[in-house]
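> Show me the folded form of this:
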Amino acid sequence: MRKEGKGRRKRKEDKKRVVVSNLPFEGCSHKENPNRHYGGNQIKTSKYTVLSFVPKNIFEQLHRFANIYFVGIAVLNFVPVVNAFQPEVNLIPICIILGVTAIKDAWEDFRRYKSDKVINNRECLVYSR
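Presented below is the predicted three-dimensional model:
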């Protein structure tokens, strides 16, 4: 039991973060910098990248019950026994809804990306001795 307690303490100590300020930039090499393991303080609120947009967006849209329902109806319409009318006609509304929602999500994410870029490129005051 004592070993478990020590392990717990060690995990809490590992989570500590010590940041040293006022390092000289010119004389300090990358290996000497004690803050080199920590990420920067850039803001990133955008959800998507160019490559991840389509899969993530489809995944998010198919978490809405209405979208799953209408996609299910469209798929059932391709079964010859169940179909009520031409299956291709049933795909048009769901494709339009998914497309418009994807365009809206892309526009919102692009606006977040631009806002992040403005915030990350602002001038800031740095305390120096």
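> list the helices and strands the helix or strand containing residue 95 packs on?
Residue 95 is part of helix 87-120, with elements assigned from DSSP states H and E. If you count contacts as 3 or more CB pairs under 8 Å, 6 or more residues apart in numbering; DSSP states H and E, helix 87-120 packs onto helix 53-61, helix 65-76. To be clear about C-beta, it is placed using only N, CA and C from the backbone, and glycine gets the same treatment.
> distance of the closest residue to residue 62 other than its chain neighbours from residue 119?
Closest residue to residue 62 apart from its sequence neighbours, by CB to CB, 6 or more residues apart in numbering: residue 68 at 5.9 Å. Relative to residue 119, residue 68 is positioned 36 Å away (CB to CB, to the nearest Å).
> Also residue 108?
Following CB to CB, the distance that separates residue 108 from residue 119 is 16 Å.
> What of residue 57?
24 Å.
> For those two, indicate the residue with more neighbours.
Ranked by neighbour count (other CB atoms under 10 Å), residue 57 and residue 119 place residue 57 first, with 19 against 11.
> shaky segments in this protein?
Within the chain, the segments meeting pLDDT under 70 span 1-38, 127-129.
> Great, nothing more from me.
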